[in-house]
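# Dropping a prediction and its sequence here:
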Amino acid sequence: MICTQCGERSASVIVKKQQLGQVMELQLCHICAAENHSINIAFEQDPLAIHQLLSNWFPNSQATISRPKKEVAICPSCGFTFSHFLKLGKFGCASCYDTFSSQLNEIFKRFHNGNTEHTGKIPASYGSTLKIKKEIEKLRKQMQVSIQEEEFEEAARLRDEVKRLNVTLEGGSPDGS
Amino acid sequence: MAVERFLQPRASSWMANDGSNVDIAMSTRIRLARNLNDFKFPYAFTEDEALKVDKEISSVLLDKGSELDYTFSHINIDELAQLQKEVLVEKHLISPYLMNSYHPGSVLLSENEELSIMVNEEDHLRIQSLQSGFQLQKAYQIASELDTLLEKNLSYAFHEKYGYLTSCPTNVGTGMRASVMLHLPALTMSHQIQRIIPAISRLGMVVRGIYGEGSEALGNVYQISNQLTLGKSEYEILQDLENMTEQIIQQERKAREAILLNSPLMLEDRVYRSLGVLTHSRLLTTEEAATCLSDVRLGIDLKMIQNMNMSILNELMIFMQPAFLQQYADKPLQPKERDFARAKLFRERLNKIDMNSEGEDLA
Ligand SMILES: [Zn+2]
Ligand SMILES: [Zn+2]
């Protein structure tokens, strides 16, 4: 591989540049790379060329996983189709997430080591309800474990806790006042 | 114009040489990606929407920044000359992506340059918090406080299951990328780095040299960051990265001791040759400057070189870049001319006796 800039030395550095939404790949020798890009630490480049990965996983129409139920899922808000999303590797809007949701678990699993659900910070405006829902989910899981381990007292305690949270969720106050 | 102060070759606070383990961990960065609910994301929105997004976000920051004791300067990217944009990129205050963006975008910068909020980058909002040294928790806390302030006044795109919604599937969830810049000359010299990098990658973290994936790191500077943003909380992500970074720092210290023990004279020779190059050469390429800076840094850490201020080396890493040099010279420079200007810059900064850690004008 010869450096695309000087055409002399052999290329040792591959630089991915994003321009006008296109990803360009430059193969540069270390000298041209140093001149060109200096010491700009690529702070904010995609870890990998996402769209390339996606198109490798979903080569054209021979998807390795099932296509959306309706063959042409179109996001009602931004107009992105699933194949446009794959090609670009990017979502067009928040509604895309619901439109393509049947496909996303598979994709997120690959990018996030098998994970598909957010467990971090929650905006205060979504806060209280969502926090309670997540708490209930967590308690239910713990309850299952307790039952399996035949710790029935603990399971009963967890069940009451879930009940209490459900009441809170429905707008009531937990102690009935 | 608001941008002028940020273009000066003055040190940002994150270039200062403080914070823990600063001899190896040079700087820490947290980035949070956020989008507004009522607008299409930057890959799909119209110019008109882009302007509205910018207005919504910047008005919140300009009005309410004072609640957190920040004064922000709002800079429209379109209004900058190419060279000015490049200087901001070289200072890590904007991303190359924003510099090349074809729709209206802006950046809001805090006075001390620790916070930089990019508007209409790949997401509507990219909150970036920079700290000197190894300070993941502090950098996150600052970013998160600002995030909370913004969220009170804006409607974020957030999903019960997926968390913060982002343009790219690699950012969804926490939207957080945390990174630490590490100077690892001894691990590089002893070729141990090739062994360490794949191990880190297997643990869901990414190591990058200056040129990106798979390339040799210029100046032995590596960036390590989290890859996952789903399934782990911010706290867990930071914890994992912190543990990993601490281990690498220990490995680097061990490697330094081993080199010092086995070939002290060779190491000393290398350090002083590099110091000679930096303080006396007449032509200095980026690559040579980066390599020599790395050696001299190591020499200071190992107490071979006394009386040299490390923060000046941090500044030089930034100011030796092409856009800065051209702005300093106030004219476009050909590569050879840049090498000359770079050598001159190093001689002036390093041979000056009373060195000012606050950074001062280059003249
Ligand atoms: Zn070349
Ligand atoms: Zn959409």
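Structure's in. What do you need? Numbering: from 1, shown residues only, chains lettered A, B, ... in the order given. Ligands and ions are numbered 1, 2, ... in the order given.
# C-alpha from now on. contacts and neighbour counts both.
Fine.
# Break chain A into its domains for me.
A:1-44, A:50-111, A:124-169 (automatic domain parsing).
# if you average pLDDT over the longest one, what comes out?
Just to be clear, that refers to domain A:50-111. The pLDDT scores in domain A:50-111 average 77.
# Which helix or which strand is home to B:Ile249?
Following DSSP states H and E, the helix or strand that holds B:Ile249 is helix B:234-262.
# what's the next secondary structure element after the longest helix along chain A?
Longest helix in chain A by number of residues (criterion: DSSP state H): helix A:124-148. Counting by DSSP H and E, the next helix or strand C-terminal to helix A:124-148 is helix A:152-169.
# Where do the strands of chain A begin and end?
Secondary structure of chain A (DSSP state E): strands located at A:13-19, A:22-28.
# weakest of those strands by average pLDDT?
strand A:13-19 (a mean of 59).
# Skipping its backbone neighbours, what lies nearest B:Leu36 in space?
The shortest distance from B:Leu36 to any non-neighbouring residue, by C-alpha to C-alpha, 6 or more residues apart in numbering or on different chains, is to B:Tyr156 (4.4 Å).
# Just give me the residue closest to the centre of chain B.
Nearest to the mean C-alpha position of chain B, by C-alpha atoms, centre = their mean, lies B:His92 at 4.9 Å.
# Checking that residue next. Helix, strand or coil?
Look at B:His92: counting by DSSP: H, G, I helix; E, B strand; the rest coil, its state is coil.
# ok, now how distant is B:Leu98 from B:Ile77?
8 Å (C-alpha to C-alpha, to the nearest Å).
# Chain neighbours aside, what residue packs nearest to B:Gly105?
B:Asn120 (5.0 Å).
# List the residues that contact that neighbour.
By C-alpha atoms under 8 Å, 6 or more residues apart in numbering or on different chains, the residues touching B:Asn120 are B:Pro42, B:Ala50, B:Val53, B:Asp54, B:Leu98, B:His103, B:Pro104, B:Gly105, B:Ser106.
# Serialize the residues you listed to CSV and add fields for neighbour count, distance to ligand 1 and secondary structure.
Formatted as CSV, the contacts of B:Asn120 follow (neighbours: other C-alpha atoms under 10 Å in any protein chain shown; distance: C-alpha to the ion, whole Å; DSSP: H, G, I helix; E, B strand; the rest coil):
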residue, neighbour count, distance to ligand 1, secondary structure
B:Pro42, 28, 34, coil
B:Ala50, 21, 38, helix
B:Val53, 26, 41, helix
B:Asp54, 20, 40, helix
B:Leu98, 22, 26, helix
B:His103, 21, 32, coil
B:Pro104, 23, 34, coil
B:Gly105, 23, 33, coil
B:Ser106, 25, 34, strand
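# Of the residues you listed, which one scores lowest on pLDDT?
B:His103 (88).
# Hmm, it is touching B:Ala50, no?
Yes. With contacts counted by C-alpha atoms under 8 Å, B:His103 reaches B:Ala50, the gap being 7.0 Å.
# hang on, the earlier thing: could you look up the next helix or strand downstream of the helix holding B:Ile249?
Next along the chain after helix B:234-262, with elements defined by DSSP H and E, is helix B:264-280.
# helix or strand right after that next one?
With elements assigned by DSSP H and E, the helix or strand that comes after helix B:264-280 is helix B:286-301.
# Please state the offset of that next one from the chain centre?
Distance of helix B:286-301 from its chain centroid, counting by C-alpha atoms, centre = their mean, to the nearest Å, is 18 Å.
# Report the rounded mean pLDDT for that helix.
So the average pLDDT for helix B:286-301 ends up being 92.
# which residues are contacting it?
Here helix B:286-301 makes contact (C-alpha under 8 Å, 6+ apart) with A:31, A:34-35, A:38-39, B:23, B:183, B:185, B:218-220, B:268, B:270-272, B:274-275, B:277-278, B:305-306, B:308, B:310, B:313, B:317, B:320-321, B:339.
# Please name every helix or strand in contact with the helix or strand following it.
Downstream of helix B:286-301, the first helix or strand assigned by DSSP H and E is helix B:310-319. Under the contact criterion of 3 or more C-alpha pairs under 8 Å, 6 or more residues apart in numbering or on different chains; DSSP states H and E, helix B:310-319 touches helix B:286-301, helix B:335-351.
# chain center to helix B:310-319: distance?
On C-alpha atoms, centre = their mean, the centre of helix B:310-319 falls 12 Å from the chain's centre.
# List the buried residues in it.
B:Met310, B:Ser311, B:Ile312, B:Leu313, B:Asn314, B:Glu315, B:Leu316, B:Met317, B:Ile318, B:Phe319 (16 or more other C-alpha atoms under 10 Å in any protein chain shown).
# Could you do stretch B:44-55 as well?
B:Ala44, B:Phe45, B:Glu49, B:Ala50, B:Leu51, B:Val53, B:Asp54.
# Pick the one among these closest to chain A.
Closest to chain A out of the buried residues of stretch B:44-55 is B:Ala44 (5.0 Å), distances taken as C-alpha to the nearest C-alpha.
# Show the pLDDT at the closest one.
pLDDT at B:Ala44 comes out at 94.
# Tell me if stretch B:228-242 is near chain A.
Yes. Using C-alpha under 8 Å from any C-alpha of the partner chain, stretch B:228-242 comes into contact with chain A via B:Leu228, B:Thr229, B:Leu230, B:Gly231, B:Lys232, B:Ser233, B:Glu234, B:Tyr235.
# Quick one: end-to-end distance for that stretch.
Per C-alpha to C-alpha, stretch B:228-242 runs 15 Å from first to last residue.
# And the contacts of that stretch?
Here stretch B:228-242 makes contact (C-alpha under 8 Å, 6+ apart) with A:111-113, A:115-121, B:136-137, B:162, B:170-178, B:204-205, B:225-226.
# and if we set it to 6 Å?
A:His112, A:Asn115, A:Glu117, A:His118, A:Thr119, A:Gly120, B:Asn171, B:Gly173, B:Thr174 (C-alpha atoms under 6 Å, 6 or more residues apart in numbering or on different chains).
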